[in-house]
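Here is the input, now give the coordinates:
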Amino acid sequence: MLKRKILDILFWVLLIILLTLIIWRVFGNSPTDLSIILTATLTLLLKLWAMSDELKEFKHEVRFSFHKVKEDINQLNKKKR
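Model (predicted):
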């Protein structure tokens, strides 16, 4: 939970920095293209990392719920006999 919050905060900070660099590049011609590309890459990687962790948690919850359903069906089958 804490890891996800940290990743979300870092994502938003990097996104703001990225937008600032792009605006600065358009109007001030100051930052290099490499700095903009690196910031964009880091932003995307952090977002993918956060989404990957969320997907792992979701898969675990789905697997657990299917396991519970299987147990319930087995109990119902035993009661029928």
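
Any stretches of this structure with poor pLDDT?
1, 81 (pLDDT under 70).

Show me where it has its helices.
With helices called from DSSP state H, the chain shows them at 2-28, 33-80.

any chance of the ones you listed in CSV, with mean neighbour count too?
All C-beta atoms are positioned from the backbone trio N, CA, C, and that covers glycine. What follows is the helices of the chain, written out as CSV (neighbours: other Cβ atoms under 10 Å):
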stretch, mean neighbour count
helix 2-28, 13
helix 33-80, 12
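
Could you list which residues are in contact with Ile6?
For Ile6, no residue meets the contact criterion (Cβ atoms under 8 Å, 6 or more residues apart in numbering).

With the one 5 residues further on instead?
Residues counted as contacts of Phe11 (Cβ under 8 Å, 6+ apart) are Thr43, Leu46, Lys47, Ala50.

Check Leu55 too.
By Cβ under 8 Å, 6+ apart, Leu55 has no neighbours at all.

Distance of it relative to Trp49?
11 Å (Cβ to Cβ, to the nearest Å).

now swap in Thr41 and tell me
12 Å.

Closest one of the contacts of Phe11 to His67?
Using Cβ to Cβ, Ala50 comes nearest to His67 of those, at 26.3 Å.

Leaving out the residues flanking it, which one is nearest to Pro31?
Leu21 (4.9 Å; Cβ to Cβ, 6 or more residues apart in numbering).

In this structure the one you found contacts Leu42, no?
No - counting by Cβ atoms under 8 Å, Leu21 does not reach Leu42; the two are 11.7 Å apart.

isn't Asp8 right up against Asp53?
No - with contact defined as Cβ under 8 Å, Asp8 does not reach Asp53; the gap is 10.7 Å.

which one among the contacts of Phe11 gets closest to Val62?
Ala50 (18.8 Å).

which residues touch the closest one?
Arg4, Leu7, Asp8, Phe11.

Tell me the spacing between it and Arg63.
21 Å.

ok, now Pro31?
45 Å.

Also Asn77?
Asn77 sits 21 Å away from Arg63, going by Cβ to Cβ.
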